[in-house]
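Q: I'd like to go over a predicted model; first the sequence, then the structure.
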Amino acid sequence: MTALVSRRSLLALGAGLGASLGASTLLGGSALARAPKLGTQSPYWHRFNLGGAEVTVVSDGPLPLGDPSGTFLGVPKEEVKKMLSDNFLSPDNVVLEQNSPVVNMGDKLVLFDTGMGTSKAFGPTTGRQQKSLAEAGIKPEDIDAVVCSHAHIDHIGGIVGADDKPLFPNAQYYIAQSDFDFWTDEGKMGSPLKDFIVHARKNLMPVRDRLVFFKDGQEILPGIQAMAAPGHTVGHTMFMVTSEGKSFAFLAISAITPCCCWKSRAWNFPTTPTRSRRRIRG
Ligand SMILES: [Zn+2]
């Protein structure tokens, strides 16, 4: 009897639901409402542990460099295109992923490089570092140190915001003095380097009194060692980050597009000289 009642109840319930759904649909109700497409991407960050440290990699967004022949000099065009295609990358446009690690060493929260900031010199897809930090739950005011690999716009561009005020108000800033001196030199304003100088000055001068210059091999913060890798710029530097016996290297622009840089010695970034390349390879 109980089973019969239950079956009847279920049938009745089903009929009710059908009628209800039909009525809602006819009336344009919400039961079958179509949600609008959001058009957004998944959050642009990734988190992992390194020994006792926590590392969050945040993206500044894709940075398109254009035709590969402008980047991979001295290598036959067709070879570059094939290697890019074979690795599911566009053969016509080298696109860099501007990834910055944020390392929580326990007592210090350290950000490496700051992306393009408000500059759209490489198009609209860059300059999302602040957004990525927010998505990852990291507050700019919690950053204790901003470590810069070199003074090009896509690495120091996010030190200040649109109002020219520092975006990381409680941080000290670390960079090689040779790069600071070269790229903030007003004497180069009449040269083809003018745009680089303008951007470097715009971002670095507001934090001039908070800059710390480091030397090759120096442990600039506990567990973070600077390693000079000149070539791309005069003071270009990579960093070894170590915690409880685990390490990773932040190479900055020493290697771009891994398929082209690492598979053969011929595919290194052309402006990184042999000595630096040997150092990177260990
Ligand atoms: Zn650069």
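A: Thanks, I have the structure now.

Q: which residues touch the closest residue to the ion within the stretch 101-250 of the chain?
A: With Cβ to the ion as the measure, His152 is the residue of the stretch 101-250 of the chain nearest to the ion, at 3.3 Å. C-beta: built from backbone N, CA, C; applies to glycine. By Cβ atoms under 8 Å, 6 or more residues apart in numbering, the contact set of His152 is 183, 196, 200, 233, 253.

Q: farthest-apart pair in those, please.
A: The largest separation in the contacts of His152, counting by Cβ to Cβ, is between Ala200 and Ile253 at 15.0 Å.

Q: looking at the two, which is more packed in?
A: Neighbour count, other Cβ atoms under 10 Å: between Ala200 and Ile253, Ala200 has more, with 27 against 21.

Q: mind listing what Val95 touches?
A: Here Val95 is in contact with 62-65, 89 (Cβ under 8 Å, 6+ apart).

Q: top of those residues by neighbour count?
A: Leu63 (20 neighbours).

Q: isn't it up against Gln98?
A: Yes. At 5.3 Å, Leu63 counts as touching Gln98 under the criterion of Cβ atoms under 8 Å.

Q: can you list residues touching both of those two?
A: With Cβ under 8 Å, 6+ apart, Leu63 and Gln98 have common neighbours 116, 126, 154.

Q: which of those are buried?
A: With burial judged by 16 or more other Cβ atoms under 10 Å, the buried subset of those is 116, 126, 154.

Q: could you measure from the residue most central in space within the chain over to Pro230?
A: Residue closest to the mean C-alpha point of the chain, counted by Cα atoms, centre = their mean, is Asn99 at 2.2 Å. From Asn99 across to Pro230, the span is 22 Å (Cβ to Cβ, to the nearest Å).

Q: on that earlier part again, so what's the residue nearest to the centre of the chain bridging to?
A: Note on Asn99: beta-bridge partners Ser59, judged by DSSP bridges.

Q: ok, it - contacts?
A: Applying Cβ under 8 Å, 6+ apart, we find Asn99 in contact with 57-60.

Q: in PyMOL, select just the buried ones from those.
A: Remark: buried members of these, expressed as a PyMOL selection using 16+ other Cβ under 10 Å:
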select buried, resi 57+58+59+60
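
Q: please identify which of the contacts of Asn99 is nearest to Ile143.
A: The closest of these to Ile143 turns out to be Val58 (Cβ to Cβ; 11.2 Å).

Q: I'd say the closest one and Trp45 touch.
A: Yes. Between Val58 and Trp45 there is a contact under Cβ under 8 Å: 4.7 Å.

Q: returning to what we had before: between the contacts of His152, which is nearest Lys108?
A: Ile253 (24.2 Å).
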